[in-house]
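Peer 1: Let's see this in three dimensions:
(one chain, ligands or ions: 1)
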Amino acid sequence: MRINPLTGALGAEIQDVDLNNLTDRTREEIEIAFHEHLVLAFPGQSLTPSTLLALTHQLGGPGETPYLQGLTDYPDVVPIIKAASEQSPISFGSGWHTDFTFQSAPPSRTLLYAQQTPPHGGDTLFTNLYLAYDALSEGLKNLLAPLNSLHSATRSYGPNSTLQNQLENMVITKETKEPPEQAHPVIRVHDVTGRPALWVNPTYTVRFENMTAAESKPLLDYLNQFVTQPSFTCRVRWQPQTLVMWDNRCTQHCATSDYHGYRREMLRTTVKGARPIGLTG
Ligand code: SIN
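Peer 2: This is a model prediction of the structure:
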């Protein structure tokens with residue numbers, strides 16, 4: 001197995017691995033690389049919905065996927081499709097986010113497999129939330145350490161959301177009533193590495209617990225901008241048959257909407273995760 005880091009911040013391309021035939025030893029090596037690089041890209045993988053799901057089971061089993069319709073025979077495998085003919089240039093997942101943080105136990109990782117990619121564009125950007133935490137001042141670390149923030153699906157899937165109008169080839173449902181808010185620590189301690197990560201995101205984090213949205217906004221805006229500074233990021237350029245696996249406990253990601261007029265088709269699964277824990281337990 002060859003590991004080529006993508007940037008100094010996070011991400012690595014893994015060569016000479018067949019994800020359909022993993023030995024225990026290779027799986028252990030992948031896990032070590034995953035916790036070091038947080039985002040792993042495996043080019044040249046020949047996966048079907050069935051084998052992608054089998055891989056997801058090997059990594060801990062699928063998480064619960066609300067709002068997005070999966071394949072008929074594989075409801076845990078969600079097609080992420082933008083067709084060449086679509087009116088809107090907007091791609092699914094094109095705001096910075098960590099997957100499904102509005103859940104009580106959000107997915108630990110996500111697997112995304114490219115079936116068809118545009119000739120250029122459609123990259124996915126990632127940022128390292130450990131580095132973001134490490135770069136905060138001691139004063140701000142201490143201020144954030146005991147705080148919870150509240151996460152909600154409202155902006156993407158709430159009664160007033162418009163996401164589904166922009167994604168003609170995906171079946172997306174939305175809430176008829178305001179969805180619930182879910183409290184999570186602002187500083188999340190990774191359950192495997194023990195490292196703290198700055199764990200808020202602009203898509204799902206709506207406010208700090210016990211504060212109003214207006215009171216929360218200035219600091220959340222600052223943190224949301226802080227975590228995406230270029231030196232914390234990497235960019236994955238997709239080819240058909242690339243599988244990318246990312247860690248939702250310590251990264252955010254964002255799809256780019258720069259391939260209007262071309263088709264991009266992916267398959268996505270998530271791996272179930274644990275309830276996040278903070279620095280204070
Ligand atoms: C996602 O946010 O899950 C999709 C990202 C992408 O399509 O690049």
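
Peer 1: can we go C-alpha only for contacts and neighbour counts from here?
Peer 2: Noted.

Peer 1: which residue ranges form the helices in the stretch 51-200 of the chain?
Peer 2: Applying DSSP state H, counting those that start in this stretch to the stretch 51-200 of the chain gives helices spanning 129-135, 138-144, 154-157, 163-166.

Peer 1: Make a markdown table from those and add mean neighbour count to it.
Peer 2: Converted to a markdown table, these look like this (neighbours: other CA atoms under 10 Å):
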| stretch | mean neighbour count |
| --- | --- |
| helix 129-135 | 21 |
| helix 138-144 | 12 |
| helix 154-157 | 20 |
| helix 163-166 | 16 |
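
Peer 1: Now render those helices as a markdown table, adding distance to the ligand and mean pLDDT.
Peer 2: Written out in a markdown table, the entries for the helices of the stretch 51-200 of the chain read as follows (distance: least, CA to the nearest ligand atom, whole Å; pLDDT from 0 to 100):
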| stretch | distance to the ligand | mean pLDDT |
| --- | --- | --- |
| helix 129-135 | 16 | 98 |
| helix 138-144 | 26 | 98 |
| helix 154-157 | 12 | 94 |
| helix 163-166 | 13 | 86 |
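
Peer 1: I90: which of those is closest?
Peer 2: Closest to I90 of those is helix 163-166 (CA to CA; 6.5 Å).

Peer 1: who's in contact with the closest one?
Peer 2: Q87, S88, I90, S156, Y157, M170, V171, I172, T173 (CA atoms under 8 Å, 6 or more residues apart in numbering).

Peer 1: Straight-line length of stretch 15-33, end to end?
Peer 2: 12 Å (CA to CA, to the nearest Å).

Peer 1: Any idea how far that stretch is from the middle of the chain?
Peer 2: Distance of stretch 15-33 from the chain centroid (CA atoms, centre = their mean, to the nearest Å) equals 21 Å.

Peer 1: Let me see the mean pLDDT of that stretch.
Peer 2: Stretch 15-33 comes out with an average pLDDT of 96.

Peer 1: which parts of it are buried?
Peer 2: Across stretch 15-33, burial judged by 16 or more other CA atoms under 10 Å covers V17, D18, L19, R27, I30, A33.

Peer 1: Can you tell me, leaving aside adjacent residues, what's nearest to the residue of the stretch 101-250 of the chain found nearest the ligand?
Peer 2: Residue nearest to the ligand within the stretch 101-250 of the chain: T124 (4.5 Å; CA to the nearest ligand atom). In this structure, T124 finds its nearest non-sequential neighbour in A255, 4.5 Å apart by CA to CA, 6 or more residues apart in numbering.
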